[in-house]
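Trainee: kindly generate the corresponding structure for this input.
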Amino acid sequence: MQLEFIAAPQLDVADAAALAALHTAVYPPKPGAKKAAPQQAWVAPQWHILIRDEADQLVSHVGAVTRLCLCDSNEILLGGIGGVMTQPAQRGKGYAGAGVGRAIDFLRQEMRVEFSLLFCAPRMQSYYRRFGFSSFAGDTRARRGDSEVIFPRNEVMAIAAQKPLPKCALLDLCGLPW
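Mentor: Have a look, this model is predicted:
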């Protein structure tokens, strides 16, 4: 397994194409699906962790971001982990776990965020709990289209970094989620 950490501006054409192919493999288009109501848009990662197998094929990805956010009106530097994807045939081999661990360490040690946040389906919570994430207790507000929405609490997880997790009644992401 090879982990490569790349800042978004340094992502080359070949890696961008491999990442697009991975996204399609993980989230294939649904044939005959009608265009639904506007979906949630997600911010692009500032950093990519590309995980390759022994044959040098991209098998997994983890994205990372930092952003100044508001925790009950107090400005904090927040880390974000998103875009976690693994080729369906390669799941269960530790690829994504290695990438998530690298993202947590980077955000904590190098970016010195106060804590990190991720969004996931409730069925994935037990996976992220293995890394130390817990359900975020406060409300999390983010941009969706031209408005702001509160995310369901069972989809937001956090992990401490520089300080213990804060007790925010409202965490405003001041933009799109990741």
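Trainee: measure the residue sitting furthest away from the middle of the chain to residue 53 for me?
Mentor: Using Cα atoms, centre = their mean, the residue of the chain lying farthest from its centre is residue 32. It sits 28.7 Å away. Distance of residue 32 to residue 53, given as Cβ to Cβ, to the nearest Å: 33 Å. All C-beta atoms are positioned from the backbone trio N, CA, C, and that covers glycine.
Trainee: likewise residue 178?
Mentor: 25 Å.
Trainee: the more surrounded of those two?
Mentor: Counted by other Cβ atoms under 10 Å, residue 178 and residue 53 do not tie: residue 178 has more neighbours, with 23 against 15.
Trainee: give me the most central residue, the protein.
Mentor: By Cα atoms, centre = their mean, the chain has its centre lying nearest to residue 82, at 1.1 Å.
Trainee: quick check: nearest residue in space to that one, chain neighbours excluded?
Mentor: In space, residue 82 comes closest to residue 178 once its chain neighbours are excluded; the distance is 3.6 Å by Cβ to Cβ, 6 or more residues apart in numbering.
Trainee: which of the three states applies to the residue farthest from the centre of the chain?
Mentor: coil (DSSP: H, G, I helix; E, B strand; the rest coil).
Trainee: do the same with residue 23
Mentor: Under three-state DSSP, the three-state class of residue 23 is helix.
Trainee: contact partners for it?
Mentor: residue 85 (Cβ atoms under 8 Å, 6 or more residues apart in numbering).
Trainee: what about it, distance to residue 161?
Mentor: Residue 23 sits 28 Å away from residue 161, going by Cβ to Cβ.
Trainee: helices of this protein, residue ranges please.
Mentor: Counting by DSSP state H, the chain has helices at residues 13-26, 95-105, 125-129.
Trainee: would you turn the ones you listed into CSV with mean pLDDT and distance to residue 70?
Mentor: Converted to CSV, these look like this (pLDDT from 0 to 100; distance: least, Cβ to Cβ, whole Å):
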stretch, mean pLDDT, distance to residue 70
helix 13-26, 97, 31
helix 95-105, 98, 23
helix 125-129, 97, 24
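Trainee: I'd like to know which of these is closest to residue 61.
Mentor: When those are compared by Cβ to Cβ, helix 13-26 sits nearest residue 61, at 5.9 Å.
Trainee: C-alpha coordinates for that closest one, CSV please?
Mentor: Below are the C-alpha coordinates for helix 13-26, written out as CSV (Å, rounded to 0.1, in the frame of the first residue of the first chain):
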residue,chain,number,x,y,z
VAL,A,13,-4.3,15.1,-15.0
ALA,A,14,-3.7,11.4,-14.6
ASP,A,15,-4.5,11.4,-10.9
ALA,A,16,-7.6,13.6,-11.5
ALA,A,17,-8.8,11.1,-14.1
ALA,A,18,-8.1,8.1,-11.8
LEU,A,19,-10.0,10.0,-9.0
ALA,A,20,-12.9,10.6,-11.3
ALA,A,21,-13.0,6.9,-12.3
LEU,A,22,-12.9,5.9,-8.6
HIS,A,23,-15.8,8.2,-7.9
THR,A,24,-17.8,6.6,-10.7
ALA,A,25,-17.0,3.1,-9.4
VAL,A,26,-18.1,4.0,-5.9
